[in-house]
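1. Need a 3D model of the sequence below.
(one chain, ligands or ions: 1)
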Amino acid sequence: MFERESWATRIGFILAAVGSAVGLGNIWRFPFQTGQEGGAAFLLIYLLFIFAIGFPAMLVEFVIGRRSKRNPIGAFKKLGYDKWKFAGAIGVLTAFIILAFYSVVGGWVLRYVGASITGSYFAEPGVYFNAISMGYDALLFHAIFMLATGGIVYLGIRRGIELAVKIMVPSIVILLIFLGIYAFTLEGAISGYSYYLSPDFGFIAEEWTSILPAAAGQAFFTLSLGMGAMITYSSYIDEDKNLGKDGASIVSLDTIIAVMTGFVVFPILFTIGIDPGSGGPGELFVGLGGAFAGLPGGEILGAIFFLTVFIAAISSAISILEVVVSYIIDNFRIDRKIAAVAVSTAIFLTGVPVALDIYWLEVYDELTALVLLPLGMFFLVVFVGWVYKEAAEELSKGTDTSEGIIKAWLWHVRIPMLLIILLVLILNLEQYLVEYAGIEPFLPI
Ligand code: TRP
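-> Numbers count the residues shown, from 1 in each chain. I've put the predicted structure just below:
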């Protein structure tokens with residue numbers, strides 16, 4: 001049998017979970033989703049979703065993980081519900097696809113560390129991004145990113161991860177504050193803030209069928225929910241720890257970092273005259289590229305910024321890869337090292353189309369964030385709400401939270417969360433099929 005490690009300190013667990021949550025989802029995906037979905041309208045729905053659905057959903061994963069002390073697939077068996085293994089299996093598949101495109105974007109970030117030092121993108125940030133985001137350059141950096149991620153999982157160095165996260169989180173906050181102050185001084189600041197902060201409720205009412213699913217997908221993605229990553233992490237927490245409190249710290253920190261990124265990116269985009277709705281996956285790179293070009297010492301600042309984002313991305317990528325590798329180890333009883341090499345290679349190959357043609361980025365990204373994560377979360381919510389009878393008891397361990405609150409959580413999981421996630425799933429499935437399979441819209445809304 002394998003010896004199971006357990007987190008030495010409460011902070012160790014929180015750090016690792018924060019390392020998983022804070023990543024490209026906050027700094028790259030959040031601003032471009034916000035731009036695509038109308039700015040403030042998206043921000044508002046996103047924040048509502050994070051607190052009303054994301055936070056309680058994180059507790060759903062924590063309950064399964066701590067109770068079973070297993071990876072997502074083994075967990076169901078351990079709890080006595082062997083048939084539910086499929087829910088964990090969806091997670092493993094999702095992890096596989098997410099990492100395939102995540103690594104390509106991680107490769108861009110790495111590329112921008114060097115490109116900042118040489119100032120390569122300073123003259124024409126948009127042109128530079130287009131040149132390196134596809135083709136052999138992108139492929140090379142995708143390979144390096146995957147090699148680094150696979151290497152860390154291969155070595156199994158948890159301590160290295162904890163240390164990296166300890167440095168990464170404060171540096172990212174400090175850099176974002178600094179860049180936020182700079183953005184405040186720009187002439188586009190006011191337009192940027194108003195775009196980001198004053199929601200048009202008429203627009204929300206009209207566009208909710210696209211804003212809600214996008215916000216839900218972003219919330220699950222950024223909190224690492226829906227595929228069992230948080231089941232895996234919480235499987236190492238002791239019974240005397242307060243799951244609600246830890247979950248709240250992780251969710252708050254993750255949200256603060258995403259929201260801060262918006263305060264940097266939007267003023268800059270308005271200053272250099274880029275429509276935030278049109279930036280797409282390049283938004284962060286082109287927007288910040290323009291900023292570093294205009295800042296004294298922009299070379300150093302850009303390099304430090306992208307290096308920090310790279311660390312954030314790697315610590316998240318590890319958590320995604322761990323889900324697949326630990327499944328392979330447990331299921332096929334093969335050596336960790338062989339599993340890490342085989343899985344990393346397969347994920348690298350799956351990412352090749354994305355590196356060669358950015359079109360595939362959206363296909364992979366939307367399949368996972370819009371369809372597979374809500375689908376996985378839906379099953380986890382059904383399981384914890386209706387099938388598994390001891391969820392409330394597990395959540396109440398290690399806390400003095402009143403029984404009433406725990407009960408309220410359970411009923412929230414049972415009905416409102418279940419219905420909202422189901423709605424999101426149906427809307428997303430339609431949107432995805434219309435967009436990529438060419439079928440006619442079939443919903444009456
Ligand atoms: N949350 C990470 C980010 O924002 C990405 C991530 C890590 C993830 N593990 C995950 C997303 C599990 C979904 C599921 O960058």
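2. Could you list the buried residues of the host helix or strand of Ile190?
-> Ile190 belongs to helix 189-197 when assigned by DSSP states H and E. Using 16 or more other Cβ atoms under 10 Å as the test for burial, helix 189-197 gives Ala189, Gly192, Tyr193, Tyr195, Tyr196. Where C-beta positions appear, they are placed from N, C-alpha and C, glycine not excepted.
3. Nearest to the ligand: which residue in this structure?
-> For the chain, the residue closest to the ligand is Gly25, as judged by Cβ to the nearest ligand atom, at 2.1 Å.
4. Quickly note the distance from that residue to Leu197.
-> 21 Å (Cβ to Cβ, to the nearest Å).
5. again, but for Ile268
-> 16 Å.
6. Kindly report the same for Ile421.
-> Distance check for Ile421 against Leu197: by Cβ to Cβ, it reads 28 Å.
7. Over to Ile27?
-> 19 Å.
8. got the residues of the stretch 251-400 of the chain near the ligand?
-> Residues of the stretch 251-400 of the chain found near the ligand (Cβ under 6 Å from any ligand atom) are Ser316, Ser319, Ile320.
9. tell me which residues of the strand or helix carrying the first one are tucked away?
-> With elements delineated by DSSP H and E, Ser316 resides in helix 298-332, which encompasses its position. Within helix 298-332, the residues scored as buried using 16+ other Cβ under 10 Å are 298-299, 301-329.
10. can you dump the C-alpha coordinates of the helix holding Ile190 into PDB?
-> Extracted in PDB, the C-alpha atoms of helix 189-197 (Å, rounded to 0.1, in the frame of the first residue of the first chain):
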ATOM      1  CA  ALA A 189      -8.600  54.900 -16.100                       C
ATOM      2  CA  ILE A 190     -12.000  56.400 -15.700                       C
ATOM      3  CA  SER A 191     -13.500  54.700 -18.800                       C
ATOM      4  CA  GLY A 192     -11.900  51.500 -17.700                       C
ATOM      5  CA  TYR A 193     -13.400  51.700 -14.200                       C
ATOM      6  CA  SER A 194     -16.800  52.600 -15.500                       C
ATOM      7  CA  TYR A 195     -16.700  49.700 -17.900                       C
ATOM      8  CA  TYR A 196     -15.600  47.300 -15.100                       C
ATOM      9  CA  LEU A 197     -17.700  48.600 -12.300                       C
END
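11. How about residues contacting that helix?
-> Identification of contacts with helix 189-197 by Cβ atoms under 8 Å, 6 or more residues apart in numbering yields 34, 39-40, 43, 183, 186, 262-263, 266-271, 276.
12. any weak-confidence spans in the stretch 151-300 of the chain?
-> Counting by pLDDT under 70, the stretch 151-300 of the chain has low-confidence residues at 157-161.
13. Fine, thanks again, bye for now.
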